[in-house]
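> below are the sequence and a predicted model; questions follow.
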Amino acid sequence: QKEVEQNSGPLSVPEGAIASLNCTYSDRGSQSFFWYRQYSGKSPELIMSIYSNGDKEDGRFTAQLNKASQYVSLLIRDSQPSDSATYLCAVNAGGTSYGKLTFGQGTILTVHP
Amino acid sequence: GAVVSQHPSWVICKSGTSVKIECRSLDFQATTMFWYRQFPKQSLMLMATSNEGSKATYEQGVEKDKFLINHASLTLSTLTVTSAHPEDSSFYICSASPLFEDRTPWAFFGQGTRLTVV
């Protein structure tokens, strides 16, 4: 079982729709959870971070965390063609592994006009 | 926000030569930096943890004699790919985490280095 697993893509949504990205993790002791966006040939860019159960909203993005189910998701509302990218879920175990991230395999999102 | 600068952005080298990649935290001190590698259509895989003033910690399967890491100061870590071969061609990315008061472990990434070995 992979440590961090994302829903298989690619995911294609029309402009203006909601894109839903999912991620599960195996280490129950994980403390911090992140969503990164990566454009082709570029470095990952942090979109959202979430540390406690529930929802966290930032503009068009909402992250959801359920530690009991070991599940984290990202919703993108009013999707735009510029949102087309690979989205990476990343998990930090906390403690002595401060700053160390384990990434999922990524989900390719395409928003078509 | 915190800025991490990586240099060079891309490099082409001949098989058998060595290449050095620099990672600098520009506006914060980083006692720990991380080096990742990303092959085409794959995710980032952690290669090693770079610790200022001590030896790097390598992930399983990463050759420490081939990928030399030096963390010379609180703002600079270097990765040297020695005796590079075409299979080392990849996208190498560093990250660093400033120590926020609440210890939220945000990781800021350099812009990455595209290494092509011919």
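Here it is on my side, so go on.
> B:Thr32: neighbouring residues, count only.
One way to gauge burial is a neighbour count; for B:Thr32, by other Cβ atoms under 10 Å in any protein chain shown, it gives 21. Where you see a C-beta, it was placed from the backbone N, CA and C, and this is true even at glycine.
> per-residue confidence at it?
We have a pLDDT of 87 for B:Thr32.
> wait, what's in contact with it?
A:Tyr98, A:Gly99, B:Thr49, B:Ser50, B:Asn51, B:Glu52, B:Ala96, B:Ser97 (Cβ atoms under 8 Å, 6 or more residues apart in numbering or on different chains).
> give me the buried subset of the residues you listed.
A:Tyr98, A:Gly99, B:Thr49, B:Ser50, B:Glu52, B:Ala96, B:Ser97 (16 or more other Cβ atoms under 10 Å in any protein chain shown).
> so which of these belong to helices?
In helices, defined here by DSSP state H, there are no members of those.
> closest one of the contacts of B:Thr32 to B:Thr116?
Nearest to B:Thr116 among the contacts of B:Thr32, counting by Cβ to Cβ, is B:Ser50 at 23.3 Å.
> can you tell me how far that closest one sits from chain A?
In this structure, B:Ser50 lies at 11 Å from chain A, with Cβ to the nearest Cβ, to the nearest Å as the measure.
> in the sheet, who's paired with that residue?
The partner list for B:Ser50 in beta bridges (DSSP bridges) reads B:Met33.
> what about residue 7, how many neighbours?
If you meant another chain, say so; for now it's chain A. Residue neighbour count, defined by other Cβ under 10 Å, stands at 15 for A:Asn7.
> meant chain B actually
The local packing count at B:His7 equals 14, with neighbours defined by other Cβ under 10 Å.
> and it, how far is that from B:Ala56?
Distance of B:His7 to B:Ala56, given as Cβ to Cβ, to the nearest Å: 19 Å.
> quick one: low-confidence parts of the chain?
Because you didn't say which chain, this covers chain A. Counting by pLDDT under 70, the low-confidence segments of chain A come to A:1-2, A:95-96.
> the chain in question should be chain B.
Along chain B, segments meeting pLDDT under 70 span B:1, B:99-105.
> spatially nearest residue to whichever residue of it sits closest to chain A (excluding sequence neighbours)?
Scanning chain B for the residue nearest chain A gives B:Ser97, at 3.2 Å (criterion: Cβ to the nearest Cβ). Among residues not flanking B:Ser97 along the chain, A:Gly99 sits closest, at 3.2 Å (Cβ to Cβ, 6 or more residues apart in numbering or on different chains).
> brilliant, that's me finished.
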